[in-house]
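Trainee: Show me how the following folds:
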Amino acid sequence: MAAIKQSVAREHGRKRTDVGLDQIGIRPESNVYWNLTTPELYETIARRGEGQFSAHGALLVDTGEHTGRAAKDKAIVREPSSEDKVFWGEVNKEFPQEKFDRLRERMMQYASTRELFVQDTYAGADPRYRLPVRIVTELAWHSLFARTMFINDDAARHTPEFTVVNIPSFKADPATDGTRSETFILMDFRQRLVLIGGTSYAGETKKSVFTILNYLLPQRGVMSMHCSANVGEAGDVAVFFGLSGTGKTTLSADPERRLIGDDEHGWSDDGVFNFEGGCYAKVIKLSAEAEPDIYRTTRMFGTVMENVTFDPATRTPDLDDASRTENTRAAYPLTSIPNIVPEGYGGHPSNIIMLTADAFGVLPPVARLTPEQAMYHFLSGYTAKVAGTERGVTEPQATFSTCFGAPFMVLHPGVYADLLGRKIQEHEAACWLVNTGWSGGPYGEGQRMKIKYTRAMIRAILTGTLAKVERRPDPVFGVHVPVSCPDVPSEVLSPRGTWKEAGAYDLKAQELARRFNENFRKYEAGVSADVRAAAPKAG
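Mentor: Numbers count the residues shown, from 1 in each chain. Next comes the predicted model:
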């Protein structure tokens, strides 16, 4: 840290802006570190004792009580400029303006007494839609996380258009502040401010910025998407929608294609662009054989590993150990992956792949979708939780997360679906449903689809081979199932034939079809008759 000169104002690092922290009510009484680089942050983290360092140079941190997002503690301020646009409900819970303002005042006073770290970053690789975002944290490793996950332009002057303030040691008083608990993630679109307290889970910062973009960009005609994206040698772009555990990050990391990004993208009139500058991958049971590129990042300087256990003597991480949490994570720069698109954007998608992990074992492993079926499955956002992943889950549970990312979608789901539908039609993108879940029976009886088969199906989609194969409609789900696929046994492609008893399959398929139909009732009034007709046929 000797190279960083301390100013009279006790500011360190590199200010690239005329906008100070006083703009949001912070009047620092202690050190403020501006835009520290990764090596500088490593030194600071070591000095402050915020983490350990692995034998390979990665940073190992413990997020404390919260090892995942506190979704029930997230809310949006109800105020005139956005209240008619926000899709209020269980996901987008409203929060009173006056309570936000009082909480903000107390939090900024508290933050003024802490050492603070500021990263002036950007979200959005396309310069026309790039959002300057300031991340203010009390933890140096959170500052490293922000520098890793967002886009840095150290040569540019920075005028923040949104600010995220993340102070884990500041806790709300539910009785006074009106929060659900001591933890809060509160967003005010008028003040362009996000306040996070009571949790050290760094994913809250990442997903707060994603939520902001999901509010702003569709209003500019840009489709915001919870998806990964890659591009082939011919410039053909593919996007992969999918919820956690469906293989979105794994399947888009393809040595034969260049990665645009692993989680969040926009689709403008010019093509697809990444929102981020890093990846945030689940690493539980990660292996060098199945996922070599991602595995390599866990052994690199600059990678932030959350809640991964390790040998205290050798500092060797144990990626198979889920005793701390199933949700172990690694945040690493995109540049840690060898095969990337450095500029972070590509053309319009040729293929759109919707991933699901069906624990009921009844959806086909791959199927072609009509544009109307694509809209139906996009609005449904289906996957399944399985026993053991959450307390109280003893059998497969259908989970529907509209737009494959309901917790982060601020506007009415129809806004995103309409944008997607228009872009699919305009650019003639082929749409596919890929089931990475179970075959031969439900979870506990059948087997998880072999990743080598799923990769073969994806490869056949992206090379155009599968588009030329004869397809037959599934009698329950209506999607169009190929009769063959290179490097995949033909019997695997028809799920009913993989079950020991066809009658048991039929009952389970009807059960899932009914769940689809029950979930979709909330969207029926806002979609066309053709989209409604894409629903499964439940008996």
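Trainee: Is it correct that Phe273 falls within a strand?
Mentor: Yes - looking at Phe273 with DSSP: H, G, I helix; E, B strand; the rest coil, it is inside a strand.
Trainee: Surely it and His265 touch.
Mentor: Yes - applying CB atoms under 8 Å, one finds Phe273 in contact with His265, separated by 6.4 Å. The C-beta positions use only the backbone N, C-alpha and C, and glycine is treated the same way.
Trainee: and the two? which has more neighbours close in?
Mentor: Taking other CB atoms under 10 Å, Phe273 and His265 do not tie; His265 has more neighbours (31 against 25).
Trainee: if we look at the helix or strand containing the more buried one, which residues are touching it?
Mentor: According to DSSP states H and E, His265 maps onto strand 264-268. With CB atoms under 8 Å, 6 or more residues apart in numbering as the test, strand 264-268 has contacts from 124, 126, 128-129, 210, 213, 217, 221-229, 239, 272-276, 348-349, 419, 423.
Trainee: Among those, the buried ones, what's the ChimeraX command?
Mentor: Buried residues among the contacts of strand 264-268 (16 or more other CB atoms under 10 Å), as a ChimeraX selection:
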select :124,126,129,210,213,217,222,223,224,225,226,227,228,229,239,272,273,274,275,276,348,349,419,423
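Trainee: next helix or strand past the longest helix along the chain?
Mentor: What stands out as the longest helix in the chain, according to DSSP state H, is helix 502-520. Sequence-wise, the next helix or strand downstream of helix 502-520 (DSSP H and E) is helix 529-532.
Trainee: what residues does that next one touch?
Mentor: 372, 375-376, 379, 520, 524.
Trainee: Which one of the residues you listed is nearest to Ser494?
Mentor: Set against Ser494, the nearest of those by CB to CB is Tyr376 (21.6 Å).
Trainee: counting contacts, what elements does the host helix or strand of the closest one pack onto?
Mentor: Tyr376 is part of helix 371-380, with elements assigned from DSSP H and E. In terms of contacts (3 or more CB pairs under 8 Å, 6 or more residues apart in numbering; DSSP states H and E), helix 371-380 is packed against strand 349-356, helix 413-427, strand 430-435, helix 502-520, helix 529-532.
Trainee: So which of these is nearest Pro292?
Mentor: Short answer: strand 349-356, nearest of these by CB to CB, at 20.4 Å.
Trainee: Against which helices or strands is the helix or strand that comes right after that closest one packed?
Mentor: Using DSSP H and E, the helix or strand that follows strand 349-356 in sequence is strand 366-369. Packing contacts for strand 366-369, counted by 3+ CB pairs under 8 Å, 6+ apart, involve strand 430-435, strand 480-482.
Trainee: Now do the same contact list for the closest residue to Pro371 other than its chain neighbours.
Mentor: In space, and not counting its chain neighbours, Pro371 is closest to Ile424: 5.2 Å by CB to CB, 6 or more residues apart in numbering. Residues near Ile424 by CB under 8 Å, 6+ apart: 352, 371, 374, 431.
Trainee: Let me know the closest of these to Arg514.
Mentor: Nearest member of the contacts of Ile424 to Arg514, counting by CB to CB, is Ala374, at 21.5 Å.
Trainee: ok, what's across the strand from the closest residue to the closest one other than its chain neighbours?
Mentor: Of all residues not flanking Ala374 in the chain, Cys431 sits nearest, at 3.8 Å (CB to CB, 6+ apart). Residues in a beta bridge with Cys431, per DSSP bridges, are Ile352, Leu369.
Trainee: Number of residues surrounding Gly178?
Mentor: So Gly178, with other CB under 10 Å, has 17 neighbours.
Trainee: going forward, begin numbering at 5 instead of 1
Mentor: I'll keep to 5 as the first residue from here, and by that count the last item is Gly182.
Trainee: Would you enumerate the residues in contact with it?
Mentor: So Gly182 contacts 99-100, 103 (CB under 8 Å, 6+ apart).
Trainee: Quick one: which of those is the most crowded by neighbours?
Mentor: Counting by other CB under 10 Å, top hit in the contacts of Gly182: Phe99 with 21 neighbours.
Trainee: Look at the nearest residue in space to it that is not next to it in sequence and report its pLDDT.
Mentor: Leaving aside its chain neighbours, Phe99 sits nearest to Ala79 (3.9 Å; criterion: CB to CB, 6+ apart). pLDDT recorded at Ala79 is 98.
Trainee: With Trp92 as the reference, measure out to Ala79.
Mentor: As judged by CB to CB, to the nearest Å, Ala79 and Trp92 stand 10 Å apart.
Trainee: any common contacting residues for the two?
Mentor: With contacts taken as CB under 8 Å, 6+ apart, Ala79 and Trp92 have Glu98 as neighbours in common.
Trainee: More neighbours: which of the two?
Mentor: Legend: neighbour count by other CB under 10 Å for Ala79 and Trp92, higher for Ala79 (20 against 13).
Trainee: part of a helix, is the more buried one?
Mentor: No - secondary structure of Ala79 (three-state DSSP): strand, not part of a helix.
Trainee: Am I right that His431 is in contact with His352?
Mentor: Yes - with contact defined as CB under 8 Å, His431 reaches His352; the gap is 4.2 Å.
Trainee: okay, now Phe57: neighbour count?
Mentor: Phe57: 15 neighbours (other CB under 10 Å).
Trainee: Dihedrals phi and psi, the closest residue in space to Pro486 that isn't next to it in sequence?
Mentor: If the residues on either side of it in the chain are set aside, Pro486 comes closest to Val473, at 4.4 Å by CB to CB, 6+ apart. Dihedral pair for Val473: phi -80, psi 150, per degrees, to the nearest 10.
Trainee: number of nearby residues for Val473?
Mentor: Based on other CB under 10 Å, the number of other residues close to Val473 is 15.
Trainee: if I pick it, what's in contact with it?
Mentor: 464, 486-489.
Trainee: any idea how far Tyr336 is from Thr307?
Mentor: On the measure of CB to CB, Thr307 and Tyr336 end up 4 Å apart.
Trainee: Repeat that for Val366.
Mentor: Val366 is 36 Å from Tyr336, by CB to CB.
Trainee: re the thing from before, return the closest of the contacts of Gly182 with respect to Ser291.
Mentor: Nearest to Ser291 among those: Phe99, at 42.7 Å, using CB to CB.
Trainee: Tell me the bridge partners for that closest one.
Mentor: Val81.
Trainee: average pLDDT for stretch 271-291?
Mentor: On average, stretch 271-291 scores 95.
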